[in-house]
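A.B. asks: Predicted model follows, preceded by the sequence.
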Amino acid sequence: MYEHALMRLGLAKRASRIEIGEEPAGSVCRAGKARLLLIAKDAGDHTFRRARSFCHTGKPPYVCVPITKDELGAALGTGACALCAITDPAFAKAFLEDLNEPEKYKDILESLERQCARVAKRRQEEKAHRKNVKFGKK
C-alpha cells in the first residue's frame, strides 16, 4: 500500500538525505538539520518518548508512519528500523505526499513547502551570483 513512500525512502538513502537509527537520527535532530523524523508504528514506548525529546530539542516535526519496523528497515537496507530522520525538505514533502493522507499532515506539508521554496530561492540566488562573478553584472 505504501510502496511509493518506501521507494522514496530508498532513494533518499542513496542520496544520503536520511539518517537511520536512534543515535544518528537524534544527533541530526539536535543539530537542527532534520526536516522530518519518522517513527515506525510498532516502535516501543521508550523509543517514541526519545523521539519526541529529540524533536523538542531541534524542532523538526515527527510522524508516526503506518509502516512497521521490518518494512522500514527493508526499504532502507537494514534489519529493522524504528527511527529515521529525513534531512532534505523535498524528500520529506514527497514522502508525506506518498502516504496519501494530506489532511492528516496538512500543517507539516505547508511547513515543508515553505522550506522547499526557500531552498529553491537560495539556489537561484547562488546561480545568479556565480553568473555575475563569471561574466560581471550588467
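C.D. replies: Now that the structure is in, tell me what you want to look at. Numbering: from 1, shown residues only.

A.B. asks: all helices of the chain, in order?
C.D. replies: 3-14, 22-31, 45-58, 69-76, 89-98, 106-135 (DSSP state H).

A.B. asks: avg pLDDT for the longest one?
C.D. replies: Spelled out, that is helix 106-135. Per-residue pLDDT values across helix 106-135 average out to 92.

A.B. asks: What residues of stretch 41-60 count as buried?
C.D. replies: Neighbour counts using 16 or more other CB atoms under 10 Å place 43, 47-48, 50-51, 54-55, 58, 60 of stretch 41-60 among the buried residues. (Glycine included, C-beta is placed from N, CA and C.)

A.B. asks: And those, which is closest to Q124?
C.D. replies: Closest to Q124 out of the buried residues of stretch 41-60 is P60 (24.9 Å), distances taken as CB to CB.

A.B. asks: That closest one: what's it in contact with?
C.D. replies: Counting by CB atoms under 8 Å, 6 or more residues apart in numbering, P60 touches 29, 34-37, 85.

A.B. asks: Show me the shaky parts of this structure.
C.D. replies: 1, 138 (pLDDT under 70).

A.B. asks: which residue is nearest the middle of the chain?
C.D. replies: Among the residues of the chain, the one closest to the centroid is I86, at 2.4 Å (CA atoms, centre = their mean).

A.B. asks: Surely that one touches I18?
C.D. replies: Yes: contact criterion CB atoms under 8 Å: I86 and I18 qualify, at 5.3 Å.

A.B. asks: Now the common contact residues for those two.
C.D. replies: By CB under 8 Å, 6+ apart, the residues touching both I86 and I18 are A12.

A.B. asks: Distance-wise, check F54 relative to R30.
C.D. replies: Separation of F54 from R30 (CB to CB, to the nearest Å): 6 Å.
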